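**Student:** Predicted coordinates and the sequence they were generated for:
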Amino acid sequence: MEPAVQRRRHDESRSEDLAAEPERLQSTAEAARALERALTHFESVLGQLEERAERPTSEEEEGEMEPQELSGLRRTLRELARRLEDALDHLGLEAQRLSDETSRLAQIAGQLEARLSDLAGAGMPVSAPREGASTPSAEPIAPREPQFRPGESAVGVVLAAVPGFQGLMEVQRALSSLAATERASVVAYKNGEASLEVLLRAPVSAQQIVEQLRTATGYRLLIEESRPEAQRLRLRFLEGEGDGRSGDR
């Protein structure tokens, strides 16, 4: 009978210990430990009951022990149920908090990904024109027009379809006044064709000569031959072009 009394007292003491635990657990780890302690105690009480059921006892012992043990068991079950409820509530709160944190982090990650996509999209139009801009800038450089350069000999300029002697003089004066020329002199003039010698002081292209002559005289000329390496240039007056002036041929 003495061992039964000791076990009963141990069970009562254990139930009091369970009741003395805090009403609200502070962490998930504490909830798990409290639940483990309650389950261990409950397993101990069940083991004792199973042992009593297998061991024959007298009616006197049953009468003395059964009400007290049943009372202790009910108290233990109540405390266990309360501990289970508190532990489950706390675990539920922790699970909800973790779920909220996960949702918040997923939202932040989505916002960052969208921001990176916006930055990448904003950078593409900036780099694309740079790649395309190099192609057209390189094309005009390749077919650079050859230039006549200053030297010991003058450039031989032939004018075809000259619109009279007055037109020839206008062109001769215009050639002499060009920034790239030192002087220009008429060598021959016959049948509407004139030959001139132009001494240069700076490099100049045939197209530049034609454009500057048109600005100075109003005549439009066609480049029929341009050979800077041979110091030779042949131009033709376009009939009916320019300022419409004509003269003797």
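**Tutor:** Looks like it arrived, so ask away.
**Student:** hey, where'd the helices end up in the chain?
**Tutor:** Using DSSP state H, the helices of the chain run over 2-19, 28-54, 59-138, 164-176, 206-217.
**Student:** Does anything pack onto the last one? Which helices or strands?
**Tutor:** Pointing back at helix 206-217 there. Secondary-structure packing of helix 206-217 (3 or more C-beta pairs under 8 Å, 6 or more residues apart in numbering; DSSP states H and E): helix 164-176, strand 221-227, strand 232-237. Every residue, glycine included, has its C-beta placed from N, CA and C.
**Student:** try it again with 7 Å
**Tutor:** helix 164-176, strand 221-227 (3 or more C-beta pairs under 7 Å, 6 or more residues apart in numbering; DSSP states H and E).
**Student:** Among the ones you listed, show me which one is buried the most.
**Tutor:** The highest mean neighbour count among the helices and strands packed on helix 206-217, using mean count of other C-beta atoms under 10 Å, belongs to helix 164-176: a mean of 18.
**Student:** now that one against strand 221-227, angle please.
**Tutor:** Using axes from the mean of the first three to the mean of the last three C-alpha atoms, to 10 degrees, the inter-axis angle of helix 164-176 relative to strand 221-227 is 60 degrees.
**Student:** and Val98, how many neighbours does it have?
**Tutor:** Heads up, residue 98 is Leu, not Val. 11 (other C-beta atoms under 10 Å).
**Student:** Roughly how far does it sit from Arg37?
**Tutor:** Using C-beta to C-beta, to the nearest Å, Leu98 is found at 24 Å from Arg37.
**Student:** what's the distance between Leu175 and Ser195?
**Tutor:** For Leu175, the distance to Ser195 equals 12 Å [C-beta to C-beta].
**Student:** Now do the buried residues in stretch 189-199.
**Tutor:** Residues of stretch 189-199 classed as buried by neighbour count (16 or more other C-beta atoms under 10 Å): 189, 192-194, 196-199.
**Student:** want to throw the residues you listed into TSV with distance to Leu46?
**Tutor:** TSV is the format used below for the buried residues of stretch 189-199 (distance: C-beta to C-beta, whole Å):
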residue	distance to Leu46
Tyr189	136
Gly192	133
Glu193	132
Ala194	131
Leu196	128
Glu197	129
Val198	124
Leu199	126
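**Student:** Which two among these are spaced furthest apart?
**Tutor:** Using C-beta to C-beta, the two most remote members of the buried residues of stretch 189-199 are Gly192 and Leu199, lying 24.7 Å apart.
**Student:** picking up where we left off before, please produce CSV containing the buried residues of stretch 189-199, extended by distance to Ala160 and pLDDT.
**Tutor:** What follows is the buried residues of stretch 189-199, written out as CSV (distance: C-beta to C-beta, whole Å; pLDDT from 0 to 100):
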residue, distance to Ala160, pLDDT
Tyr189, 12, 96
Gly192, 7, 92
Glu193, 5, 96
Ala194, 8, 97
Leu196, 12, 97
Glu197, 17, 96
Val198, 16, 96
Leu199, 22, 96
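**Student:** end to end, how far does stretch 172-180 reach?
**Tutor:** 14 Å (C-alpha to C-alpha, to the nearest Å).
**Student:** Please list the outside residues in contact with it.
**Tutor:** Outside stretch 172-180, the residues that touch it by C-beta atoms under 7 Å, 6 or more residues apart in numbering are 181, 183-184, 186, 196, 198, 200-204, 212-213, 216-217.
**Student:** can you list the domains in the chain?
**Tutor:** What automatic domain parsing lists as the domains of the chain is 2-108, 147-237.
**Student:** Lowest average pLDDT across the helices of the chain?
**Tutor:** In terms of average pLDDT, helix 2-19 trails the rest of the helices of the chain, at a mean of 56.
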